[in-house]
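A.B. asks: Here's a sequence, model it:
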Amino acid sequence: MTALHDRLLAGFAQAFGGEPELVVRAPGRVNLIGEHTDYNDGFAMPVAIGQETRVAFRPGGTGLRVAALDFAEDDAFDSAAPQRAGGGWRDYVRGVVDELVRAGISVPPGQLAIAGSIAKGTGLSSSASLEVAVARVLLDAAGERMDPVSLALLAQRAECDFVGVRCGNLDQIASAATTRGHALLIDCRTLALRQIAMPADVAVMIVQSGVVRGLVDGEYNQRRQECERAARTLGVPALRDVDEGMLDEACGRLDDLAFLRARHVCGDNRRTREAARALASGDLVAMGALMRESHVSQGRDFGITVPHTDVLAALMNEAIGEDGGARQTGGGFGGAVVGLMRQDRVAAVREAVLAVYRTPAGDVPEICIEVPSDGAGPVG
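C.D. replies: So this is what the prediction gives:
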């Protein structure tokens, strides 16, 4: 298995004794392009990554006992009842259980241990991975089945309604419905999915800026409110229904801030559709140009990049050259920068980053090369 799996089993044995009956994994994700478009009913194109959350479960006893091995903390509550907030990581677990109960699922009592390899606040969707893994293992334990998109939407509701981050559906769908070796083009309104095979000679590089962000405490919800206000002013259900031409014609009806927010969303919706075509045809020149444009728009129009991610993206783009590109990925205000490049550029890009970039703490950045992985499923 893996070191993560061994740590999970050892932690389960220490917390509860014996072995679990079920183990489920759910991956994190890196979003290649299409940022803050999901809650605007738009388009996004993530890939699932090898960093993941694993959850072990054994039925029995009364209520649900939970051990969060990465925090050395635990929780216990009635798994058959609507939930109350417990704070921190507990709310992600309790929120999922709450949604399962509301959906009429008889969540069995038992012991549940959680371990992950995704650092919180790094822009790789540790929260969605946790939610999807918990939902999947409890559904399996209850003998119930949901298709991946339905499972993802349940997990999304847990984060929106229970945790309080008014996220879109991108992260949860990416964790639940991706396919190994493919990027996933998501139509976040219709929920149509298109698996796009990644070219064999293309590498996905993720570099951590070292700027950790928190979406609940940050400005994520404010950005959503600003987008919704722009859509109301324009008289449309969501910014998905506005293209860049329409926006230019209507600019006098929007205040400056609303116009900028809408311009980013409209632009990234277009860029994501174009990027899907470019990636499918192996056109890394076009793909890289779109990624660079998206990073500029995230900063100029949406206000979610920070100086460290701007420096890192510029450094990576220079090292990659025209045949690929880099951009900040995730909810913003820090986190990671993703780069897409030919395999033969990986060593040079890594060397360029390590030679120049330092995190706010003065450390060399964490760099990983990811292979697009499968969505959530059982282990063993």
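A.B. asks: Determine the three-state secondary structure at Asp374.
C.D. replies: Of the three states, Asp374 takes coil under DSSP: H, G, I helix; E, B strand; the rest coil.
A.B. asks: Without its sequence neighbours, what residue ends up closest to Val30?
C.D. replies: Val338 (5.0 Å; CB to CB, 6 or more residues apart in numbering). (C-beta placed from N, C-alpha, C; glycine too.)
A.B. asks: Tell me how many other residues surround that neighbour.
C.D. replies: Counted with other CB atoms under 10 Å, residues neighbouring Val338 total 29.
A.B. asks: pretty sure it is in a strand, no?
C.D. replies: Yes: counting by three-state DSSP, Val338 falls inside a strand.
A.B. asks: what about it, distance to Leu151?
C.D. replies: Distance, Val338 to Leu151, by CB to CB, to the nearest Å: 25 Å.
A.B. asks: Over to Gly168?
C.D. replies: Counting by CB to CB, the gap between Gly168 and Leu151 amounts to 16 Å.
A.B. asks: Report the secondary structure element holding Arg213.
C.D. replies: Secondary structure here is read from DSSP states H and E; on that basis Arg213 sits in neither a helix nor a strand.
A.B. asks: and Gly168 and Leu151? which has more neighbours close in?
C.D. replies: The residue with more neighbours, out of Gly168 and Leu151, is Leu151; 24 against 21, by other CB under 10 Å.
A.B. asks: Can you list the low-confidence ranges for the stretch 201-350 of the chain?
C.D. replies: Under the criterion of pLDDT under 70, the regions of the stretch 201-350 of the chain flagged as low confidence span 214-218.
A.B. asks: The stretch 51-200 of the chain now?
C.D. replies: Applying pLDDT under 70 to the predicted model, the residue ranges of the stretch 51-200 of the chain that meet it are 121, 123.
A.B. asks: That one: strands as residue ranges?
C.D. replies: Under the criterion DSSP state E, counting those that start in this stretch, the stretch 51-200 of the chain carries strands at the ranges 64-68, 73-77, 110-116, 182-187, 193-197.
A.B. asks: now those strands as TSV including mean neighbour count?
C.D. replies: As requested, these are arranged in TSV below (neighbours: other CB atoms under 10 Å):
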stretch	mean neighbour count
strand 64-68	23
strand 73-77	15
strand 110-116	24
strand 182-187	24
strand 193-197	15
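A.B. asks: mind putting those strands in JSON lines, distance to Gly324 included?
C.D. replies: Supplementary listing: those in JSON lines, determined by distance: least, CB to CB, whole Å:
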{"stretch": "strand 64-68", "distance to Gly324": "38"}
{"stretch": "strand 73-77", "distance to Gly324": "41"}
{"stretch": "strand 110-116", "distance to Gly324": "29"}
{"stretch": "strand 182-187", "distance to Gly324": "14"}
{"stretch": "strand 193-197", "distance to Gly324": "16"}
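A.B. asks: now the residue nearest to Val134 when sequence neighbours are not counted: how far from Ala158?
C.D. replies: In space, Val134 comes closest to Val96 once its chain neighbours are excluded; the distance is 4.7 Å by CB to CB, 6+ apart. Distance check for Val96 against Ala158: by CB to CB, it reads 5 Å.
A.B. asks: what do these two both touch?
C.D. replies: Between them, Val96 and Ala158 share the neighbouring residues Glu131, Ala135, with contact defined by CB atoms under 8 Å, 6 or more residues apart in numbering.
A.B. asks: can you map out the helices along this structure?
C.D. replies: For the chain, the helices identified by DSSP state H occupy 3-16, 89-102, 126-141, 148-157, 170-177, 220-234, 244-249, 256-280, 284-300, 307-320, 346-356, in order along the chain.
A.B. asks: count of neighbours near Asp313?
C.D. replies: You called it Asp, but residue 313 is Ala. A total of 28 residues lie near Ala313 under the criterion other CB under 10 Å.
A.B. asks: Go ahead and confirm it touches His295.
C.D. replies: Yes: with the criterion set as CB atoms under 8 Å, Ala313 and His295 qualify as a contacting pair; they are 5.0 Å apart.
A.B. asks: Quick check: neighbours shared by those two?
C.D. replies: Here Ala313 and His295 share the contacting residues Thr305, Ala326, Arg327, Gln328, scored by CB under 8 Å, 6+ apart.
A.B. asks: what's the farthest-apart pair in those residues?
C.D. replies: Thr305 and Ala326 (12.0 Å; CB to CB).
A.B. asks: what residues are shared contacts of those two?
C.D. replies: When CB under 8 Å, 6+ apart defines a contact, the residues bordering Thr305 and Ala326 alike are His295, Ala313.
A.B. asks: Pull the distance from stretch 38-57 to the chain's centre.
C.D. replies: From the chain centre to the centre of stretch 38-57 is a distance of 4 Å (CA atoms, centre = their mean, to the nearest Å).
A.B. asks: Need the CA coordinates for it. CSV is fine.
C.D. replies: Once side chains and other backbone atoms are set aside, the C-alpha atoms of stretch 38-57 remain, and they are given as CSV (Å, rounded to 0.1, in the frame of the first residue of the first chain):
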residue,chain,number,x,y,z
ASP,A,38,-18.3,27.2,-10.5
TYR,A,39,-20.7,29.1,-8.3
ASN,A,40,-21.4,31.4,-11.3
ASP,A,41,-22.8,28.3,-13.1
GLY,A,42,-19.8,28.4,-15.5
PHE,A,43,-17.0,26.1,-16.6
ALA,A,44,-13.9,24.7,-14.9
MET,A,45,-11.2,22.1,-15.7
PRO,A,46,-9.5,20.3,-12.8
VAL,A,47,-7.5,17.2,-12.5
ALA,A,48,-7.4,14.9,-9.4
ILE,A,49,-4.0,14.4,-7.8
GLY,A,50,-2.2,11.8,-5.9
GLN,A,51,-2.5,13.7,-2.6
GLU,A,52,-5.6,12.4,-0.9
THR,A,53,-7.7,11.7,2.2
ARG,A,54,-8.2,8.2,3.4
VAL,A,55,-11.0,7.2,5.8
ALA,A,56,-11.3,3.9,7.7
PHE,A,57,-14.5,2.7,9.2
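A.B. asks: Fine by me, thanks again.
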